[in-house]
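Engineer: sharing a model prediction with you, sequence too.
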Amino acid sequence: VSRARPAGSNQVTILRTYSMSNGSGAKSQGSFSRSDIVKISITPTFGPTAPDGYYEITDILPAGFRFVRYSSGNEIWWPDEVTGQKVVFGYYYNKNATRKPATITYEAAAVTEGTFTADNAVIRHTDSAISGFTKKEQITIR
């Protein structure tokens, strides 16, 4: 599980978790078996001064994973691009909305054994320099 704040800011944060897609096992894991389908969940959190508007969320799958599918988007988030290991989502935030921000979920297959680095996922406001990053993580496929 990674949560990081941009330096000197609490306007937007991002949390990424890896878990078994079938619901079994721990809520968040860093070790999977080859051929497991892994659910990746990305949850943004917006501080009181975070600007409304469009955000772009980019995640790079670790090298041992291959994108499989995403859960249906909705009016808050939608898939924008899947290119190799790169997965990009559009996200609309409105601080006056009656519901809390939605979690993005997608699935990847664990295909290659080894230990891999999960690079930073990033959320970036499209009209300003506001951004937040997760920490890098080590993911093992056995």
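Structural biologist: Received the coordinates, thanks.
Engineer: how close does the residue lying farthest from the centre of the chain sit to residue 17?
Structural biologist: Distance from the C-alpha centroid of the chain, by C-alpha atoms, centre = their mean, peaks at residue 96 (23.5 Å). Counting by C-beta to C-beta, to the nearest Å, the gap from residue 96 to residue 17 is 28 Å. To be clear about C-beta, it is placed using only N, CA and C from the backbone, and glycine gets the same treatment.
Engineer: count of residues packed around residue 49?
Structural biologist: Under the neighbour criterion other C-beta atoms under 10 Å, residue 49 is assigned a count of 11.
Engineer: who touches it in this structure?
Structural biologist: By C-beta atoms under 8 Å, 6 or more residues apart in numbering, residue 49 lies in contact with residue 11.
Engineer: for it, helix, strand, or coil?
Structural biologist: coil (DSSP: H, G, I helix; E, B strand; the rest coil).
Engineer: now do the same contact list for the residue nearest to residue 54 when sequence neighbours are not counted.
Structural biologist: Nearest non-adjacent residue to residue 54, counting by C-beta to C-beta, 6 or more residues apart in numbering: residue 126, 4.6 Å away. Listed by C-beta under 8 Å, 6+ apart, the contact partners of residue 126 are 53, 54, 55, 56.
Engineer: ok, now how distant is the residue nearest to the spatial centre of the chain from residue 113?
Structural biologist: Nearest residue to the geometric centre of the chain (C-alpha atoms, centre = their mean): residue 42, 3.2 Å. Distance of residue 42 to residue 113, computed by C-beta to C-beta: 25 Å.
Engineer: how about the strands in the chain?
Structural biologist: With strands called from DSSP state E, the chain shows them at 2-4, 12-20, 31-32, 37-46, 53-60, 65-70, 77-83, 86-93, 104-110, 114-118, 122-125, 131-133, 137-141.
Engineer: alright, I will stop here.
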